[in-house]
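Chemist: Got a sequence here, can you build the structure:
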Amino acid sequence: MSAGSRGDVAPYTGLGQALARAGHEVTLVTHGYFEPLVEGSLLRFHPLPVDPRAESRSAQGLGLHRSRTGVGKLVRLAAMARSLVGLMTDDLLAAARKADILLVSGSLAPVGRAIAEGLGLPVLGVYLQPVAPTREFAPSVMGARSWGGVGNRIAGHGLNLVMERGFAATMPSLRAQLGPARRTRVPLPVLHGFSPLVVPRPRDWPAGLEVAGYWWPYDREERLPAEVEAFLDAGDPPVYVGLGSATVPDPEALSAEIVRGLRRAGLRGVIQRGWGGLAADGDDMLTVDEVPHSVLFPRMAAVVHHAGAGTTGAGLRAGVPSVPVPVQFDAGFWARRLVTVGVAPCAVTLRDLTATGLATALDRAVRGPGHRERARTLGARIRAEDGTAPVLAAVERLAEGGA
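Modeler: Residues are numbered from 1 along each chain as shown. Model (predicted):
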C-alpha cells in the first residue's frame, strides 16, 4: 500500500515483481493513475480514488511552494493529507480483506497499521525515506538541516506526531468498521529501500528498523525510443534535466533558465517534461516524456534532478554525477547525501537556480576532478546490492507465522 507521487509508487513495482517471482501473489494498492506502471508485470492492481497529479496542481498542492521552510511545508502537507486520506480508506480496507500480509509505505503507515491490527494481519513497513528518530540526522522530510543530536531526535518524534495527526480524523470511522484490534501493539518492523552506502543504518535505531537496499522500478521497456537514440548518437553525451512529479510556479521561465545554463556550460540536454511541464527547443535539446531512467541515465554526462528518493537512487545506480535541485520535503536530505558521498559538487535550490549557477555546477560535475570517478565506483557497488532479498526473507518469516 502506497500513496503519493510517482516516486512514492514506482519502487514498489520492482519490489512486488521480485516477490511475485518468488511465488507470492502480490497486489499493488495505490492511485488508479499509476496502473500503467504494472502493465506487463506479475502484479495485480487495486486502485485508490485520489488523482495525485491533479492534487499537485490544486490550490493546496501549489500552496506548498509558498512555504520557505521544511516545517511550513510539512504543516501544509499534513493538512492536505487530512483532507484526502478519508477518500482512500474504504479501498485500502477492501484490498486488505483479500490479503494475508500487508506491506505499507511510510506515506500510509498509520492507517495501514490500523487496518492490519483490526484484521489480525501481519504487517511490515517498507519505507523509502528514514523517518524514525535518530541523533544522526534530522527527519529526512524536513530537509538537510541538522539541529544537533538531541534536537534531531526531538524533531523526529515531533514528525511522527504530525504524521499521526494527519490520519487522526479518519481513525474513528475506520476503527468502527474494524472493531477491536486483534493484535498487541508492538513496534512496527520496517525495511528501508535505500542503500546503506548512501545512508548507513543509524546506530541509535532500535531493533526492527533495517536498511535493505534500493528497490528498482519495474521497467517493461528496456530500450530507448528511436528519437532518443538518434539524439544520443548525434553528439556527445548530454545532460538529463527533470523534476519528476514536482510542480513549479513558472515552467516556461524555469525551462528557459535551464537551457541557458546548459548552453553556457557547452552541454546538450535531454529535458523530461514531468509534472512541472518543462520543455526546450533546438537541435541541442530534446524534450521527452516518460523514459526509463535505468536505460537513459547510464548514457548521460550528468543528471540534474529534483532529488526525490527514487531519482536519486537511479542516478547513483547509473554511476553518473548529479546536480540536485531539491524542491521540497526529503529532497534536501537526498541532495545533501549526494554531496556527502562525492557524486555531486553542490545542490542548487529551485529558488536560486540561475543559468550561471547551473552552468558552474554542471562544469564541476562533468569536468571537475573526482565526481565522475566516485559516481562510477559507487554505482558499481550499488548495482551489486539486492535490496529485495531482505524483504523477501521478512515476508517468508511472516508467512510462516514468525515475527
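Chemist: Run the chain-centre distance for the longest helix that the chain contains.
Modeler: Longest helix in the chain, counting residues (DSSP state H): helix 148-168. In terms of Cα atoms, centre = their mean, to the nearest Å, the centre of helix 148-168 is set 20 Å apart from its chain centre.
Chemist: helices or strands up against it?
Modeler: Using 3 or more Cβ pairs under 8 Å, 6 or more residues apart in numbering; DSSP states H and E, the elements in contact with helix 148-168 are helix 70-84, helix 109-119. (C-beta placed from N, C-alpha, C; glycine too.)
Chemist: relative orientation of that helix and helix 109-119 in degrees?
Modeler: Helix 148-168 and helix 109-119 are oriented at 60 degrees to each other (axes from the mean of the first three to the mean of the last three Cα atoms, to 10 degrees).
Chemist: now the helices: where do they sit in the stretch 201-350 of the chain?
Modeler: Secondary structure of the stretch 201-350 of the chain, counting by DSSP state H, counting those that start in this stretch: helices at 226-233, 251-264, 293-296, 309-318, 331-340.
Chemist: Determine which stretch of those is the most buried.
Modeler: Among the helices of the stretch 201-350 of the chain, ranked by average contacts under mean count of other Cβ atoms under 10 Å, first place goes to helix 309-318 (a mean of 26).
Chemist: Centre of the chain to that helix, how far?
Modeler: For helix 309-318, the distance to the chain centre is 10 Å (Cα atoms, centre = their mean).
Chemist: Show residues contacting it.
Modeler: Helix 309-318 is contacted from outside by 6-7, 10-11, 128-129, 193-195, 198, 214, 216-217, 242, 244, 293-294, 297-298, 300, 303, 305, 322, 324, 330, 334, 337-338, 343, 375, 378-379, 382-383, using Cβ atoms under 8 Å, 6 or more residues apart in numbering.
Chemist: re the thing from before, got TSV for the helices of the stretch 201-350 of the chain, with distance to residue 16 and mean pLDDT too?
Modeler: Below are the helices of the stretch 201-350 of the chain laid out as TSV (distance: least, Cβ to Cβ, whole Å; pLDDT from 0 to 100):
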stretch	distance to residue 16	mean pLDDT
helix 226-233	27	97
helix 251-264	33	97
helix 293-296	16	95
helix 309-318	15	96
helix 331-340	23	95
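Chemist: Out of these, which gets nearest to residue 176?
Modeler: Residue 176 lies closest to helix 309-318 among the helices of the stretch 201-350 of the chain, at 34.7 Å (Cβ to Cβ).
Chemist: Am I right that residue 86 is in contact with residue 172?
Modeler: No: shown here, residue 86 and residue 172 do not form a contact pair, counting by Cβ atoms under 8 Å, at 10.8 Å.
Chemist: More neighbours: which of the two?
Modeler: More crowded of residue 86 and residue 172, by other Cβ atoms under 10 Å: residue 86, with 15 against 8.
Chemist: CA atoms only: put stretch 366-377 into CSV for me.
Modeler: As requested, the backbone C-alpha atoms of stretch 366-377 are provided in CSV (Å, rounded to 0.1, in the frame of the first residue of the first chain):
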residue,chain,number,x,y,z
VAL,A,366,31.1,16.8,-15.6
ARG,A,367,34.7,18.2,-16.0
GLY,A,368,35.9,18.7,-12.5
PRO,A,369,38.1,16.3,-10.6
GLY,A,370,36.7,13.3,-8.8
HIS,A,371,32.9,13.4,-9.2
ARG,A,372,32.7,11.2,-12.3
GLU,A,373,35.1,8.6,-10.9
ARG,A,374,33.4,8.5,-7.5
ALA,A,375,30.0,8.1,-9.2
ARG,A,376,31.3,5.3,-11.3
THR,A,377,32.7,3.4,-8.3
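Chemist: roughly how far out does that stretch sit from the chain middle?
Modeler: 24 Å.
Chemist: what's that stretch in contact with?
Modeler: For stretch 366-377, the external contacting residues (Cβ under 8 Å, 6+ apart) are 239, 265, 267, 301-302, 316, 319-322, 341-345, 364-365.
Chemist: one more time with 7 Å
Modeler: 267, 301, 302, 319, 320, 321, 342, 343, 344, 345, 365 (Cβ atoms under 7 Å, 6 or more residues apart in numbering).
Chemist: before we move on, what about stretch 201-211?
Modeler: 132, 134-136, 187, 189-192, 194, 196, 199, 390.
Chemist: Next: stretch 152-161.
Modeler: 131, 132, 133, 134, 135, 137, 138, 139, 141, 142, 146, 147.
Chemist: Give me the mean pLDDT for it.
Modeler: Taken as a whole, stretch 152-161 carries a mean pLDDT of 89.
Chemist: and the next element down the chain from the longest helix of the chain?
Modeler: Following helix 148-168 in sequence order, the next helix or strand is helix 171-178 (DSSP states H and E).
Chemist: and that following helix, what other elements does it pack with?
Modeler: helix 109-119 (3 or more Cβ pairs under 7 Å, 6 or more residues apart in numbering; DSSP states H and E).
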